[in-house]
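In: Provide a 3D model corresponding to the input given below.
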Amino acid sequence: MSDPKRLIIATRASRLALWQAEHVRGRLRALYPGCAIELLSLTTRGDQILDRTLSKVGGKGLFVKELESALLDGRADLAVHSLKDVPIDLQPPFELCAMLERADPRDAFISNRYGSLAELPAGAVVGTSSLRRESQLRMRYPELVVRPLRGNLDTRLSKLDNGDYDAIVLAVVGLERLGLAHRIRAPLDIDESLPAAGQGALGIEIRGDRDDMRAWIAPLACARTTACVTAERAVSLVLGGSCQVPLAAHATTAGGVLHLHALVASIDGRRVVRAEGQGPEEDAADVGAAVARELLDKGADSILAELAASN
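Out: Numbering: from 1, shown residues only. Sure, this is the predicted structure:
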């Protein structure tokens, strides 16, 4: 197959999303120096609705719908996403054709006055956009007040700087990619704040009928990241994971063996169900499904039923 002559990358218009798209453009230019590669910047519904949490307005699909429309009508050839923002039940004709090497998957504690979560006094206000983070914060620090925090990364930091919050929790990777790592007071240990499925990794979405795109993008894929994220997303798939579910899943690999930890929690943090499993990297989806079934057996089904009834 000949090299591509022109490619158009669909991306959200936020500063972080544009960094990610530029990163992929750089990787593709290195592979195909004769190819003209353009960015198609789009504003999504998820970027427009800032007064409500994602769990109340439609979830992760709000960040990909406009980009998928561009793939569908031919305005774009590929779309770049943070994998944690990609819906688990990706519908035809769309597919994730490559997962790039994962960066730091941890959450970060950010505050202008305090050095760690443990230093926050009772009643301190912590901002987060994620039910997953909220439930784990409430579990470990029930004396804190957790409030919703929406907007792009710069907006969230400005709300902290304006005094709306005593601290906020964001992903390490976004701050690092935008040169804001100095704002991190302390990365949170994986055990303290288990990440979302796919956190820290980039995914490339295409139309399933684009065999040419699949072949051109294939060299960007990272096998270890693909195995880990496949297992993590398998947990979410079995459990119906979405922004409405405080669900976390994180996998690592060593010597060809994949290790997976996952949890489901009530939003108030009073009930937390954990499970873990391992298996060969090539069986990543099966390992994820097995861990999800263990979560259900341990009582995650009742937590999920209560969450569904309240939404």
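
In: residue ranges of the strands in the stretch 101-250 of the chain, please?
Out: In the stretch 101-250 of the chain, the strands defined using DSSP state E, counting those that start in this stretch lie at 107-110, 125-128, 145-148, 167-171, 186-187, 202-207, 247-254.

In: gap between the first one and the chain center?
Out: What it means is strand 107-110. Put simply, strand 107-110 sits 15 Å off its chain's centre (CA atoms, centre = their mean, to the nearest Å).

In: Ok, the second one next?
Out: Relative to its chain's centre, strand 125-128 lies at 19 Å (CA atoms, centre = their mean).

In: For residue 309, find the nearest of the strands of the stretch 101-250 of the chain.
Out: Nearest of the strands of the stretch 101-250 of the chain to residue 309, taken as CB to CB: strand 247-254 at 17.0 Å. The way it works is simple: take the backbone N, C-alpha and C, and place the C-beta from them, glycine included.

In: now the angle between strand 247-254 and the next helix or strand along the chain from that closest one, please.
Out: Next helix or strand after strand 247-254 toward the C-terminus (DSSP states H and E): strand 257-265. Relative orientation of strand 257-265 and strand 247-254, computed by axes from the mean of the first three to the mean of the last three CA atoms, to 10 degrees: 170 degrees.

In: other SSEs contacting the helix or strand that strand 257-265 is followed by?
Out: Per DSSP H and E, strand 257-265 leads on to strand 272-280 as the next helix or strand towards the C-terminus. Strand 272-280 sits against helix 131-140, strand 257-265, helix 284-295, with contacts defined as 3 or more CB pairs under 8 Å, 6 or more residues apart in numbering; DSSP states H and E.

In: so can I have TSV of those showing mean pLDDT, distance to residue 122 and mean neighbour count?
Out: Output for the helices and strands packed on strand 272-280, formatted as TSV (pLDDT from 0 to 100; distance: least, CB to CB, whole Å; neighbours: other CB atoms under 10 Å):
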stretch	mean pLDDT	distance to residue 122	mean neighbour count
helix 131-140	97	13	23
strand 257-265	98	21	23
helix 284-295	98	31	22
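
In: And these: which comes nearest residue 213?
Out: helix 284-295 (22.9 Å).

In: Just the buried positions in the helix or strand just after the closest one, please.
Out: Tracing the chain past helix 284-295, the next element assigned as helix or strand by DSSP H and E is helix 301-310. Under the neighbour-count criterion of 16 or more other CB atoms under 10 Å, helix 301-310 has 303-304, 307 buried.

In: out of these, who's nearest residue 154?
Out: Nearest member of the buried residues of helix 301-310 to residue 154, counting by CB to CB, is residue 307, at 31.1 Å.

In: ok, the closest one - contacts?
Out: Neighbouring residues of residue 307 by CB atoms under 8 Å, 6 or more residues apart in numbering: 244-246, 266-267.

In: what does the model give the residue minimising distance to the centre of the chain for pLDDT?
Out: A centroid search over the chain (CA atoms, centre = their mean) returns residue 84, at 1.8 Å, as the residue closest to the centre. Looking at residue 84, its pLDDT is 92.

In: related to what we said a few turns ago, make TSV from the helices and strands packed on strand 272-280 and add distance to residue 240 to it.
Out: Converted to TSV, those look like this (distance: least, CB to CB, whole Å):
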stretch	distance to residue 240
helix 131-140	14
strand 257-265	11
helix 284-295	10
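
In: Residue 24 is nearest to which of the ones you listed?
Out: The closest approach between residue 24 and any of the helices and strands packed on strand 272-280, judged by CB to CB, belongs to helix 284-295 at 23.0 Å.

In: From the contact counts, what lies against that closest one?
Out: Counting by 3+ CB pairs under 8 Å, 6+ apart, helix 284-295 packs on helix 223-239, strand 247-254, strand 257-265, strand 272-280.
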